[in-house]
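*Asks:* need a structure here:
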Amino acid sequence: MLLIPIMVEQMLNSLMGMADTMMVSNVGSAAISAVSLVDSINVLVIQAFAALSAGGTIVCSQYIGQKNLKKATESARQLLLAVASISVLVMAVCLAFRTPLLRLVFGKVDVEVMDASKIYFLITSLSFPFIALYDAGDSVYRAQGDSATPLRISVVANCLNITGNAVLIWVFHMGVAGAALATLGSRVFSAIVVLWLLSKSEK
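*Replies:* The predicted structure follows:
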C-alpha cells in the first residue's frame, strides 16, 4: 500500500522532464537538445533533494513510532527549513553560474543549443526550492504512512505541466521558455498544495 504509490510517483516525477522534451519536438532539434541536456542536470539536483528529504523521513518516523507527535512536528519543520535553505542556495549558484556550468558539463555545443539551454536552465532553476519543499512534504507524509496524498498531488501537477506545455508551446509558440514555465508552474503548485495540506493536518 505504501510502496506502489511511491513507485508511481517517482515515474511521474521523471515524466515531467520527458513531457517537456516530447512537446518541444516540433520546435526544432536545438530545443530538444537543450531540454534533454539541462534535464540531466535537473534530475541530479532533484534526486539530491529527494535523498535529503528521505533522511528527514527517518527522523520523523522514529518520533511518530514513539508517539512523540511534538518532536515529530518539530522535526518536520526543521526538515522543511533545511531543505528550503539548501535549495535556495543551489538555485542561486545555478542562476549566477548557469553559463559556466552548462559549458563545463556539456563542453562545446552549437550556439543555438546553448542559447536555448540557458533559457531553460534559468527558468527551471527557479523551481528548485519548490520541488525541494514538495519532496520534504512528501517525505513527511510517507513518515505518517501516507503515500497516496503526494501521489494525487503529483498526478495533478503532471496534468498541469502537460496542459501548460500545450498552451505555451503550441498556442503561444514560446518554445523552451514555455516548457520551462509550465514545469515551474506545476512545481510551484505541488509545493503550495503539500504545504497547505500539512498545515491543515497540523491544526
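
*Asks:* helices or strands next to the helix or strand containing residue 19 in the packing?
*Replies:* For residue 19, the enclosing helix or strand under DSSP states H and E is helix 3-23. For helix 3-23, the packing partners by 3 or more Cβ pairs under 8 Å, 6 or more residues apart in numbering; DSSP states H and E come out as helix 29-65, helix 148-165, helix 175-202. Every residue, glycine included, has its C-beta placed from N, CA and C.

*Asks:* quick one: contacts of it?
*Replies:* Helix 3-23 is contacted from outside by 32, 35-36, 39, 42-43, 46, 138, 142, 147-148, 150-151, 154-155, 157-158, 161-162, 165-166, 169-170, 179-180, 182-183, 186, using Cβ atoms under 8 Å, 6 or more residues apart in numbering.

*Asks:* And it, what's buried?
*Replies:* By neighbour count with 16 or more other Cβ atoms under 10 Å, helix 3-23 contains the buried residues 5, 9, 12, 13, 16, 17, 19, 20, 21, 23.

*Asks:* export these to a markdown table and tack on distance to residue 65 and pLDDT?
*Replies:* Formatted as a markdown table, the buried residues of helix 3-23 follow (distance: Cβ to Cβ, whole Å; pLDDT from 0 to 100):
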| residue | distance to residue 65 | pLDDT |
| --- | --- | --- |
| 5 | 21 | 77 |
| 9 | 23 | 77 |
| 12 | 29 | 78 |
| 13 | 27 | 72 |
| 16 | 33 | 78 |
| 17 | 35 | 77 |
| 19 | 38 | 84 |
| 20 | 40 | 88 |
| 21 | 42 | 86 |
| 23 | 44 | 91 |
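
*Asks:* ok, residue 155 - contacts?
*Replies:* By Cβ under 8 Å, 6+ apart, the contact set of residue 155 is residue 12.

*Asks:* For the chain, which element, helix or strand, carries the lowest mean pLDDT?
*Replies:* In the chain, the helix or strand scored least confidently by mean pLDDT, DSSP states H and E is helix 3-23, which has a mean of 79.

*Asks:* ok now that one, how far from the chain's centre?
*Replies:* Distance of helix 3-23 from the chain centroid (Cα atoms, centre = their mean, to the nearest Å) equals 11 Å.

*Asks:* now the angle between helix 175-202 and it, please.
*Replies:* 160 degrees (axes from the mean of the first three to the mean of the last three Cα atoms, to 10 degrees).

*Asks:* neighbours around the nearest residue to residue 184 once chain neighbours are set aside, how many?
*Replies:* Closest residue in space to residue 184, ignoring its immediate chain neighbours: residue 127 at 4.6 Å, by Cβ to Cβ, 6 or more residues apart in numbering. By the criterion of other Cβ atoms under 10 Å, residue 127 has 26 neighbours.

*Asks:* Run through who's touching stretch 24-36.
*Replies:* Residues from elsewhere that reach stretch 24-36 (Cβ under 8 Å, 6+ apart): 17, 20-21, 109-110, 112-117, 119-120, 165, 169-170, 175-176, 179.

*Asks:* May I see the buried residues of that stretch?
*Replies:* 24, 27, 30, 31, 32, 33, 34, 35, 36.

*Asks:* And the residues you listed, which two are furthest apart?
*Replies:* The two members of the buried residues of stretch 24-36 with the most space between them (Cβ to Cβ) are 27 and 36, at 12.8 Å.
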